[in-house]
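Chemist: below is the structure, and that's it, no one-letter string:
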């Protein structure tokens, strides 16, 4: 598993727990999907894969010119918007929503775990924290929900006095007007250069905003994005939040207070008008692999949850592509 940085502390049994999570999810994928049509274990339902441009802000302060933000330049990118539930379901069902950004043609020293040579991925969801903020909680949720029953996980949280986890999971699910209208957060921390740590956020800035349809169809999120991008570009501010000493690295359930360290804009994500509803984009969605491990050394993922995710995502992506005989 990953070597720790000076910022990190290893969670008890985290390597074994990460492997158990990967094994459980692999078995679920084998049960749920036929060979040749295996969906990813997390965020399997995509609502759109979009071509985008990621433009670093000009005239950033010297202390923010790190990694992909070192120069005022633009990167071509792919953006995958998704629903978080591990089983594909109607967009009308309240859920956490995901946004994964893959920057292309990124040069620089990479982390040892990276299996892509020239990309930088930013993985975000529509909530500021991860209620399952430790590998143990992540494991227990996966184990009880998949191998046993979700009711047993609820009971375990109540018996052990962790009802706040259940409340956090429930509060995080909602029906947005459009994936292009909402804010996303990394929830987990990342290295920023050699001696600092940050979290990321994506804040919508488009002039055009959607209205919630009177009737929510199974694919209403894709339809809302299609209508938006037929009329206008979509834009977001990409921001980072610098960690202060009181902000934890090993518990992703703890929110870093913005009044203690405000988010700072460092780039603009622009999604130009486009028609993304095609067989080619659908196939691209299944081919693309997103992982915290696709990173420059300057943006190394930190914390037990990220260390586990790097192992799990790599194992399951390799399994999925091999099972479906689909190149990554």
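Modeler: Structure's in. What do you need? All of these numbers come straight from a predicted model, not from anything done at the bench. Numbers count the residues shown, from 1 in each chain.

Chemist: only C-alpha atoms for contact and neighbour calcs from this point on.
Modeler: Will do.

Chemist: all helices for this protein, in order.
Modeler: Applying DSSP state H to the chain gives helices spanning 14-32, 135-142, 150-159, 163-171, 220-231, 279-287, 304-323.

Chemist: so which residues make contact with the longest one?
Modeler: Applying Cα atoms under 8 Å, 6 or more residues apart in numbering, the external contacts of helix 304-323 come out as 1-2, 9-11, 14-15, 18-19, 21-22, 25-26, 35-36, 38-41, 113, 133-135, 188, 250-252, 287, 289, 291-293, 301, 327-328.

Chemist: just the buried residues from those, in PyMOL please.
Modeler: In PyMOL, this line selects whichever of those come out buried by 16 or more other Cα atoms under 10 Å:
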select buried, resi 2+14+15+18+19+21+22+25+26+35+38+39+40+41+113+133+134+135+188+250+251+252+289+291+292+293+301
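
Chemist: count of residues packed around residue 223?
Modeler: 16 (other Cα atoms under 10 Å).

Chemist: please disregard the earlier target; I meant residue 283.
Modeler: Quick note: residue 283 (other Cα under 10 Å) scores 11 neighbours.

Chemist: hmm, residue 108 is touching residue 296, no?
Modeler: Yes - assessed by Cα atoms under 8 Å, residue 108 is found in contact with residue 296 at 6.4 Å.

Chemist: and these two? Which one has more around it.
Modeler: Higher neighbour count among residue 108 and residue 296: residue 296, with 26 against 15, using other Cα under 10 Å.

Chemist: and that one, what are its bridge partners?
Modeler: Taking DSSP bridges as the rule, residue 296 bridges to residue 110.

Chemist: gap between it and residue 263?
Modeler: 21 Å (Cα to Cα, to the nearest Å).

Chemist: overlap of the contact sets of residue 108 and residue 296?
Modeler: Among the neighbours of residue 108, those also in contact with residue 296 (Cα under 8 Å, 6+ apart) are residue 67.

Chemist: for the residue sitting nearest the centre point of the chain, list the residues it contacts.
Modeler: Residue closest to the mean C-alpha point of the chain, counted by Cα atoms, centre = their mean, is residue 123 at 2.9 Å. Residue 123 makes contact with 98-101, 186, 290-292, according to Cα under 8 Å, 6+ apart.

Chemist: mind giving me the PyMOL select for those residues, buried ones only?
Modeler: Buried members of those, defined by 16+ other Cα under 10 Å, are picked up in PyMOL with:
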select buried, resi 98+99+100+101+186+290+291+292
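
Chemist: of all the contacts of residue 123, which comes closest to residue 55?
Modeler: For these, the closest approach to residue 55 (Cα to Cα) belongs to residue 101, at 12.8 Å.

Chemist: who does the closest residue to that closest one other than its chain neighbours form a beta bridge with?
Modeler: Among residues not flanking residue 101 along the chain, residue 79 sits closest, at 4.6 Å (Cα to Cα, 6 or more residues apart in numbering). Per DSSP bridges, the residues bridged to residue 79 are residue 50, residue 101.

Chemist: residue 113 and residue 293 touch, don't they?
Modeler: Yes - here residue 113 reaches residue 293: they are 5.8 Å apart, a contact under Cα under 8 Å.

Chemist: hmm, residue 209 is touching residue 181, no?
Modeler: Yes - counting by Cα under 8 Å, residue 209 does reach residue 181; the two are 6.3 Å apart.

Chemist: tell me which of the two has more neighbours.
Modeler: Each of residue 209 and residue 181 has its neighbours counted (other Cα under 10 Å); residue 181 has more, 21 against 16.

Chemist: pLDDT wise, what is the closest residue to the more buried one other than its chain neighbours at?
Modeler: Closest residue to residue 181 apart from its sequence neighbours, by Cα to Cα, 6+ apart: residue 204 at 5.7 Å. Per-residue confidence (pLDDT) for residue 204: 99.

Chemist: cool, and residue 328?
Modeler: 59.

Chemist: now residue 41
Modeler: 86.
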